[in-house]
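A.B. asks: coords below, sequence missing:
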């Protein structure tokens, strides 16, 4: 004689099946997760800083000889200065020629952070010197740029907010540039702080061309009468 | 490569890559963990130490560039300014989370050694490179004024 389970017994059986199913799914999911976690895979590899940085796109400067076809010396002089102006008006140069006592930074020429001021010697306030953060050379580990001569240009040589023509006339005015034409050429062509603009470190975009090419343009501009735009 | 560093008046020989930031040598090789890693980009001031008496961000100095300097960390800081600032820090209950505070105090010591009675503007300028995410700036400023006053009366 067959015994039929009671109604209560059938429900108990169904609850057991349901709990067994839930625990079974949890077990399968946990096993799958453990398997995924323990599955051998390639760990992140160390990388040289130079490899991590995006290569900066390099801009070229036109050569002095490219301007030989301009017959009029004054027009040629202006054209030479306008080409050199691509360097002068580049953020690498303009950031240290602010019109206030605060430098700017980055391609966007935003105000420098932290809040610093030029100080009496252009190297910061006595209590927060440029050298607090900027050392004698670029430091790739932190990305902080540096140079042994790191400082702001004198306020008389503020370039930001001025036209290239105004900058040109300012350069030629010893009262504001504090330089003779020979000193100006040396500053542009050989000064190592100016040269930093072509070796700015990290992934900063260098100034166009090279310091040598820039110096050649400035020399040719001076030799052709130093006409201003 | 081996380098000899003068830290807190003692010489230490460390064997490190010359480009290693001074901060990591202080913390990992010399166990001077009072100097903190904040941003690693000289933007926050938490890693401030003194090199030849001047504040410097140790995250942005290569160890090879620090061999000739007298390095002082928060652990080795002493003198009237340090004591006055420590007392003022306690009195004003300056720290909140406290992470930036060693850098703040190192900059404040340099400030008081340069300017005995700093104005609010002097303090803002000298301390602007030291960030505090708990925004304890008003207490920092009050504590520096307090320490300056105490130093003024004790001299």
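C.D. replies: Sure thing, it's come through. Nothing here was measured: the structure is a model prediction, and the numbers come from that model.
A.B. asks: ok, now which ones touch residue A:199?
C.D. replies: Residues near residue A:199 by Cβ atoms under 8 Å, 6 or more residues apart in numbering or on different chains: A:138, A:206. (Each C-beta comes from the backbone N, C-alpha and C, glycine too.)
A.B. asks: can you pull the pLDDT of it?
C.D. replies: If you check residue A:199, the pLDDT there is 95.
A.B. asks: cool, residue A:56 as well?
C.D. replies: Looking at residue A:56, its pLDDT reads 53.
A.B. asks: same check, this time on residue A:11
C.D. replies: pLDDT, read off for residue A:11, is 87.
A.B. asks: residues near it, how many?
C.D. replies: Residues lying near residue A:11 (other Cβ atoms under 10 Å in any protein chain shown) number 11.
A.B. asks: would it count as being in a helix?
C.D. replies: Yes. According to DSSP: H, G, I helix; E, B strand; the rest coil, residue A:11 belongs to a helix.
A.B. asks: for whichever helix or strand residue B:124 is part of, packing partners?
C.D. replies: Per DSSP states H and E, residue B:124 falls inside helix B:120-127. Counting by 3 or more Cβ pairs under 8 Å, 6 or more residues apart in numbering or on different chains; DSSP states H and E, the packing neighbours recorded for helix B:120-127 are helix B:101-114, helix B:137-154.
A.B. asks: For the residue most central in space within chain B, give its distance to residue A:150.
C.D. replies: The centre of chain B sits closest to residue B:106, judged by Cα atoms, centre = their mean, with a distance of 2.5 Å. According to Cβ to Cβ, to the nearest Å, residue B:106 stands 21 Å off from residue A:150.
A.B. asks: Spell out which residues of chain A are next to chain B.
C.D. replies: Proximity of chain A to chain B, by Cβ under 8 Å from any Cβ of the partner chain, involves residues A:113-117, A:125-129, A:131-136, A:139-144.
A.B. asks: Counting neighbours, which of those residues end up buried?
C.D. replies: Buried members of the residues of chain A next to chain B, counted by 16 or more other Cβ atoms under 10 Å in any protein chain shown: A:114, A:116, A:125-129, A:131-135, A:139-144.
A.B. asks: Tell me who's in contact with residue B:42.
C.D. replies: A:132-133, A:142, A:144, B:57, B:59-60, B:129.
A.B. asks: Mind doing that once more with 6 Å?
C.D. replies: Residues in contact with residue B:42 (Cβ atoms under 6 Å, 6 or more residues apart in numbering or on different chains) are A:133, A:142, A:144, B:57, B:60.
A.B. asks: Cheers, nothing more for now.
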